[in-house]
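> My questions concern the predicted model and sequence given below.
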Amino acid sequence: MRAGAIAAAHPDKAAPWLDHVWTQLRRREVYPLGYLSSRASIFTDRGLRRLIARAGLPSRIEQLAVPFTAVAMDLVTGASALLDHGDLESALLASAAIPGILPPVDREGRTLVDGGMIAYVPVLAAQQAEAASVVVVSTGGSGL
């Protein structure tokens, strides 16, 4: 799940919540071992769905307290997909759908996967959204 959605939903409580999740969450809760989801991915997105449900997020992106855009990639065209309206859960799942690991997400007639495939730090998306500031949170461990 994207830390940005938590910050956009709960600007005053995001840091403690993320600290708790990142220190308490176990890999098997998001990526259960031994469960093949389909031919498209090794794991199902059930763990991420549970995590999103526990986060107390609104159902739609427009309902977030702070403007938010999730970035995904259209698997068919390779084009960037900026998800700044509509269903929040599907946007978060799409922006976390690592090809082969988590299933792609069908949204608005497009098959979407993690936007990090084309923009690890989506600076262009932030510019297009006319963001006044950008916060980058690395969740990839000490090697990044």
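Looks like it came in fine.

> Which pLDDT does the model give the residue nearest in space to the middle of the chain?
The centroid of the chain falls nearest to residue 92 when counting by Cα atoms, centre = their mean (3.5 Å). Residue 92 carries a pLDDT value of 95.

> What residues does the closest residue in space to residue 55 that isn't next to it in sequence make contact with?
In this structure, residue 55 finds its nearest non-sequential neighbour in residue 6, 6.0 Å apart by Cβ to Cβ, 6 or more residues apart in numbering. To be clear about C-beta, it is placed using only N, CA and C from the backbone, and glycine gets the same treatment. Counting by Cβ atoms under 8 Å, 6 or more residues apart in numbering, residue 6 touches 14, 17-18, 55, 57.

> any idea how far the strand or helix carrying residue 6 is from the chain center?
Element membership for residue 6 (DSSP states H and E) is helix 3-9. From the chain centre to the centre of helix 3-9 is a distance of 10 Å (Cα atoms, centre = their mean, to the nearest Å).

> all helices in the protein, in order from the N-terminus.
For the chain, the helices defined by DSSP state H cover 3-9, 14-24, 27-30, 46-54, 88-96, 123-128.

> Report all helices and strands that the fifth one contacts.
For helix 88-96, the elements it packs on are helix 46-54, strand 70-74, strand 80-83, strand 105-107, strand 110-114, judged by 3 or more Cβ pairs under 8 Å, 6 or more residues apart in numbering; DSSP states H and E.
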